[in-house]
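Engineer: Take a look and give me a structure for this.
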Amino acid sequence: MKLLRLGTLLAAAALVFAPVAANADQIRIATQPIPQYAPIFVAKQKKWLDEELAKAGSPTIKWASFAAGPPINEAFAAGQQDIGFLGDTPALIGKSAGIDTRIVGITASGPKSLAVVVAAGSPIKAAKDLKGRKVAVTKGSYAQHLLALVLEQGGLTFKDIELINLPNGEVPTALLAGNIDAGAVWDPVLAKYEAEKALRVLADGTGIKAGVLVILASGEFATRKRDQVKALLKAYERGAEYIKSNPREAARLIGEDVKLPPELVEQVLAKLDFNAAIHDHDVDEIKKTEAYLRQIALTREAVDVERFADRTLGREGGLK
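Structural biologist: This is a model prediction of the structure:
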C-alpha cells in the first residue's frame, strides 16, 4: 500500500477547515495517551500546570487526546489547538504543508523507545532479510523514518518491501496473525509486546535515530501568549523532575492518562530523557528527519529547522 502524501492532505485541510476562535482565557492542549508525554500528565495531576498557567493569565485548560501526530496537525490546521505534543516527523510534515506552528520544546527523546520488530519466531534476522516482505508502519509517524534508516542499513529502500499503513496499536496484532512480516512501532506498544515475549526487536533507534518528540505551538499563540508558553514549559520541567526522583509514583499517578498499568509505564519511562530544552543535538536530529522527508517526497517545501525550533521561549523560561 502506498503512503499518501500527507503534506498535500494537510495543505488541503488548512484550506477546508475554517479557523476556530479560541477563548482568550483558555489554552487548548493536544496530547496522545502515551508515556512519552508523561511530564505534562504529571503536571496535570499535580495541578502544577494550572498553577503555572494561572500566574500567566490562563485560568482554564481545554484538553484534547489524539491517537497519533497526524490528526493533531489537522487540528492545528483547523485552528483548534494552541499546543500539541507529537513526534518530529508529523511536526515537520505539518510545517512543510504551510501550517503556522513552531517547536517550543522537546517532550522526550529515547532511541530504545521505537523499533522495527518481527514475531518472536520469525526467520528474519537482519534488515537485509526484509527484502520482498510485508512491513507495516503508521504513515507520517517518526517510526517511518526509523524504518527507512533500518532498511538503509540492510542496503534496501521502501521500493524493496511491500509497505503497509497501519495504526501503531494494530501492527503487533497483524504480525502475530501472520498478515505482515515486520513492523515499526513505538512505546508503549513496543514495551507491552516485548514484555510478553511475543515480538523480537530487529533494530531500535540506537545509533541511528534518537526518537525526538516535540512540543508544538501555533505561531499566533507563541507570539501573543509567550508567558503562557513559558508557564507550560515550566510545569513540564517540574513534571520531568518529579519523574526522575519518583518514577514509580509518577507511573501510578498518570496511569489513567496513558491507559496503562503502572509497571508498564515505569518500564517505558526508564527509556526516556524528558529534558524540555531544545539543544543543538535535538536540532541536528530534526534536520536529519527533515532531509529524509524531502528525499522520499513526503514533503515538498523545505523547512528551516533552525527557525522552526524556537529556543527563545525555553531560554527565557529558564530551561537548560
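Engineer: Ramachandran coordinates for residue 165?
Structural biologist: The phi/psi pair for residue 165 (degrees, to the nearest 10) reads phi -90, psi 120.
Engineer: What helices and strands are in contact with the strand ranked longest in the chain?
Structural biologist: What stands out as the longest strand in the chain, according to DSSP state E, is strand 101-108. On a contact count with 3 or more C-beta pairs under 8 Å, 6 or more residues apart in numbering; DSSP states H and E, strand 101-108 meets helix 38-45, helix 88-96, strand 213-218, helix 219-224, helix 226-245, helix 305-308, helix 312-316. (Glycine included, C-beta is placed from N, CA and C.)
Engineer: partner strands of the helix or strand that that strand is followed by, parallel or antiparallel?
Structural biologist: Going down the chain from strand 101-108, the next helix or strand is strand 114-119, by DSSP states H and E. Partners of strand 114-119 in the sheet, by DSSP bridges, are strand 182-186 (antiparallel), strand 199-204 (antiparallel).
Engineer: What residues does the residue positioned nearest the centre of the chain make contact with?
Structural biologist: In the chain, the residue lying closest to the centroid (C-alpha atoms, centre = their mean) is residue 87, at 2.4 Å. Residues in contact with residue 87 (C-beta atoms under 8 Å, 6 or more residues apart in numbering) are 69, 141, 142, 212, 213, 214.
Engineer: any idea how far the last one is from residue 60?
Structural biologist: Using C-beta to C-beta, to the nearest Å, one obtains 24 Å as the distance from residue 214 to residue 60.
Engineer: Which one's more surrounded, those two?
Structural biologist: Ranked by neighbour count (other C-beta atoms under 10 Å), residue 214 and residue 60 place residue 214 first, with 31 against 12.
Engineer: Quick check: closest non-adjacent residue to that one.
Structural biologist: residue 103 (4.7 Å; C-beta to C-beta, 6 or more residues apart in numbering).
Engineer: burial count for residue 52?
Structural biologist: Neighbourhood size, residue 52 [other C-beta under 10 Å]: 23.
Engineer: quick one: contacts for it?
Structural biologist: Shown in contact with residue 52 (C-beta under 8 Å, 6+ apart): 43, 231, 232, 234, 235, 238.
Engineer: Next SSE downstream of the helix or strand of the chain with the lowest mean pLDDT?
Structural biologist: Within the chain, judged by mean pLDDT, DSSP states H and E, the helix or strand with the poorest mean is helix 6-16; its value is a mean of 45. Note on helix 6-16: by DSSP H and E, the next helix or strand toward the C-terminus is strand 26-31.
Engineer: coming back round to it: if we compare the helices and strands packed on strand 101-108, which one ends up closest to residue 159?
Structural biologist: Judged by C-beta to C-beta, the one of the helices and strands packed on strand 101-108 that comes nearest to residue 159 is helix 88-96, at 19.8 Å.
Engineer: Could you list every helix and strand in contact with the closest one?
Structural biologist: On a contact count with 3+ C-beta pairs under 8 Å, 6+ apart, helix 88-96 meets helix 6-16, helix 69-77, strand 101-108, helix 142-153, strand 213-218, helix 280-295, helix 305-308.
Engineer: Check the secondary structure at the residue of the chain most remote from its centre for me.
Structural biologist: The C-alpha centroid of the chain is most remote from residue 123, which lies 30.6 Å away (C-alpha atoms, centre = their mean). Three-state assignment for residue 123 (DSSP: H, G, I helix; E, B strand; the rest coil): coil.
Engineer: ok so, going back, and which of the contacts of residue 52 is nearest to residue 94?
Structural biologist: residue 232 (19.2 Å).
Engineer: what sits against residue 115?
Structural biologist: So residue 115 contacts 146, 184, 185, 186, 190, 201, 202, 203, 204, 205 (C-beta under 8 Å, 6+ apart).
Engineer: change it to 10 Å
Structural biologist: Counting by C-beta atoms under 10 Å, 6 or more residues apart in numbering, residue 115 touches 143, 146-147, 150, 183-187, 190, 194, 199-206, 211.
Engineer: And residue 136, by the same measure?
Structural biologist: By C-beta under 10 Å, 6+ apart, the contact list for residue 136 reads 1, 143, 147, 162-168, 170-172, 174-175, 179-185.
Engineer: try 6 Å
Structural biologist: For residue 136, the contact set (C-beta atoms under 6 Å, 6 or more residues apart in numbering) comprises 164, 166, 171, 174, 180, 183.
Engineer: ok, what's across the strand from it?
Structural biologist: Under DSSP bridges, the beta-bridge partners of residue 136 are residue 164, residue 183.
Engineer: Tell me how far it lies from residue 244.
Structural biologist: To residue 244, residue 136 is 34 Å away according to C-beta to C-beta.
Engineer: Can you tell me, leaving aside adjacent residues, what's nearest to the residue nearest to the centre of the chain?
Structural biologist: Take residue 87 and drop its neighbours on the chain: the residue closest to it by C-beta to C-beta, 6+ apart is residue 142, 3.5 Å away.
Engineer: If anything else comes up later, I'll come back, but that's it for now.
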